[in-house]
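need a 3D model of the sequence below.
(one chain, ligands or ions: 2)
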Amino acid sequence: MNKIYPSLVAIVPAAGVGSRMEADRPKQYLTLDGRFILDVTIEKLLSCALVSQVIVAVSADDPYFSKLSMANHPKVLRVDGGVERADSVLNGLNKALALGAQWALVHDAARPCLLVDDIERLLEQVAADDDGGLLAAPVRDTMKRASPDGFVDHTVNREGLWHALTPQLFPTKSLQRNVAAALAANIPVTDEASAMEWAGHHPKLVIGNDTNIKVTRPADLKLAGFYLQHEDNLGCA
Ligand SMILES: Nc1ccn([C@@H]2O[C@H](COP(=O)(O)OP(=O)(O)OP(=O)(O)O)[C@@H](O)[C@H]2O)c(=O)n1
Ligand SMILES: C[C@](O)(CO)[C@H](O)COP(=O)(O)O
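Ligands and ions are numbered 1, 2, ... in the order given. Okay, here's the model as predicted:
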């Protein structure tokens, strides 16, 4: 039993339709080197010894989940997804609370290139801080704010700007309470940290590898495949 994270579960929102991917199925069920993306992601999370269960939120009518090689893994549990990502995460959090999990590690199904080193860095650097934390990567490009007609309105100061990645790590009870309250207040919650920030917390930013991309658009699939094939010598956070 780990003293810092005595009970840690992973929650994988995997109930999206992947519309930006323009594929014939939800992107979490596309394959990389012959393996479903969702299988790869679940396996990455289970390779962290501290993760006791992986709660996967999939659409209630998802016809693909049962085809996963990880579908019947003893540590994998299925819950129904929701309309938005935050709804899916909240269903996972409710299950995590029912299991008595004190900590929740929320990770997008669509991020199969996650490195175990990054999970361990997040766990070490958050070190059970109640404000939690998230993997993130500093912005490296000049950032522009667009005008409604598609021209540059102004340049945004990129000092201190980070890309939020996943996993994001928070105390289960606090995260469940704040996600539920934010949704009830119609606050846009596109990641777990934004619900915690809304409640006044200041999650820790933990640097993560740029290779931890979210497969979102068609070109991302080949890139994810490249990263997975070379991950033994690509991790360089
Ligand atoms: N109602 C939803 C919407 C999204 N997700 C999950 O949240 C993650 C990140 O969301 P995103 O990349 O936006 O996935 P989709 O919503 O499927 O993509 P799109 O916006 O292109 O439709 C994905 O693993 C997706 O499966 C979810 O569990 N439930
Ligand atoms: C959670 C996330 O991956 C952090 O960057 C992102 O917010 C997901 O957004 P999406 O629009 O649901 O892809």
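
for M143, see how far away whatever residue is furthest in space from the centre of the chain is.
Here the chain reaches farthest from its C-alpha mean at D149, the gap being 32.4 Å by CA atoms, centre = their mean. Counting by CB to CB, to the nearest Å, the separation of D149 from M143 is 19 Å. Just so you know, the C-beta spots here come from the backbone N, C-alpha and C atoms, and that holds for glycine as well.

now swap in R78 and tell me
The gap separating R78 from M143 is 39 Å, by CB to CB.

with neighbour numbers in mind, choose between those two.
Neighbour tally, R78 and M143, criterion other CB atoms under 10 Å: the higher count belongs to R78, 17 against 12.

OK, contacts around T41?
With contact set as CB atoms under 8 Å, 6 or more residues apart in numbering, T41 has these partners: V12, A14, Q28, H107, D108, A109, A110, R111, P112, L114.

go again using 10 Å as the cut-off
T41 makes contact with 10, 12, 14, 28, 54, 56, 70, 107-114, 215 under the criterion CB atoms under 10 Å, 6 or more residues apart in numbering.

could you list which of those also contact ligand 1?
Applying CB under 6 Å from any ligand atom to the contacts of T41, one finds that A14, Q28, D108, A109, A110 fall near ligand 1.

of these, list those near ligand 2.
Counting by CB under 6 Å from any ligand atom, D108 from the ones next to ligand 1 among the contacts of T41 sit close to ligand 2.

can you lay out the ones next to ligand 1 among the contacts of T41 as a markdown table showing pLDDT and secondary structure?
Shown next, in a markdown table, are these (pLDDT from 0 to 100; DSSP: H, G, I helix; E, B strand; the rest coil):
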| residue | pLDDT | secondary structure |
| --- | --- | --- |
| A14 | 98 | coil |
| Q28 | 98 | helix |
| D108 | 98 | coil |
| A109 | 98 | coil |
| A110 | 98 | coil |
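
pLDDT weak spots in the chain?
Counting by pLDDT under 70, the chain has low-confidence residues at 234-237.

which positions in it make contact with ligand 2?
So far as CB under 6 Å from any ligand atom goes, the chain lies against ligand 2 at R85, D108, A164, L165, T166, T190, D191, K214.

can you count the residues close to the fifth one?
Counted with other CB under 10 Å, the burial measure for T166 works out to 26 neighbours.

and the residue of the chain nearest ligand 1?
In the chain, the residue that lies nearest ligand 1 is G16 (2.0 Å; CB to the nearest ligand atom).

so who does the closest residue to that residue other than its chain neighbours touch?
Residue nearest to G16 in three dimensions, not counting chain neighbours: P26, with 6.2 Å by CB to CB, 6 or more residues apart in numbering. Under the criterion of CB under 10 Å, 6+ apart, the neighbours of P26 are 14-19, 37-38, 58-59, 62, 64, 109-110.

quick one: secondary structure of the residue lying closest to D141 once chain neighbours are set aside?
Setting aside the residues directly before and after it, D141 is nearest to R158 in space (CB to CB, 6+ apart), at 7.5 Å. Look at R158: counting by DSSP: H, G, I helix; E, B strand; the rest coil, its state is coil.

sounds good, over and out.
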